[in-house]
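Trainee: sequence first, predicted coordinates after that:
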Amino acid sequence: LLGSLQATRALMVSAILVGLVAIFVAVIGMKCMKCMEDDQVKKMRMAVFGGVIFIIAGLAALVATSWYGNRVARAFYDPYTPVNSRFEFGSALFVGWAAASLAILGGSFLCCSCPRRETSYPPSRGYPKNAPSTGKDYV
């Protein structure tokens, strides 16, 4: 096989493996998981870290899919390529582009859940708690 084809395959396989790692890291950072529930800041940082890994996996898949799509387009418009051996964009390219876009979008959403730092305005005060009613309070 050509070197560029081997490189795109390796890049796509690495994108899949990095995506699996991102899933495991992001699952640890979910609020519904019991793992690391004693420190919410570290838990949210794990979710953000999972989002960053998702973005890296999405970019790797986007590069691999676009690289192969460029190769197909150049071969299609090359006048020296025989008509019966020309490739066209298939459904795998569109699925690759959609998967890369969703991975980048999902990673961006996870990165938006980063923990807030201390604010400059005073913290809000809650309402004072009243004693429980005995049911005998009349107006």
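Mentor: Arrived safely, thanks for sending.

Trainee: contacting residues for the most centrally placed residue in the chain?
Mentor: Against the mean C-alpha coordinate of the chain, by C-alpha atoms, centre = their mean, the closest residue is residue 107 at 2.6 Å. Shown in contact with residue 107 (C-beta atoms under 8 Å, 6 or more residues apart in numbering): 22, 50-58. Using the backbone N, CA and C atoms, a C-beta is placed for each residue, glycine as well.

Trainee: these, buried ones only, as a ChimeraX selection?
Mentor: Those of the contacts of residue 107 that count as buried under 16 or more other C-beta atoms under 10 Å are selected in ChimeraX with:
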select :22,50,51,52,53,54,55,56,57,58
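
Trainee: mind checking which of the contacts of residue 107 land in strands?
Mentor: Per DSSP state E, strands hold no members of these.

Trainee: in the worst-scoring helix or strand of the chain on mean pLDDT, what's buried?
Mentor: For the chain, the helix or strand with the lowest mean confidence is helix 40-77, at a mean of 93 (criterion: mean pLDDT, DSSP states H and E). For helix 40-77, burial by neighbour count (16+ other C-beta under 10 Å) applies to 43-65, 68-69.
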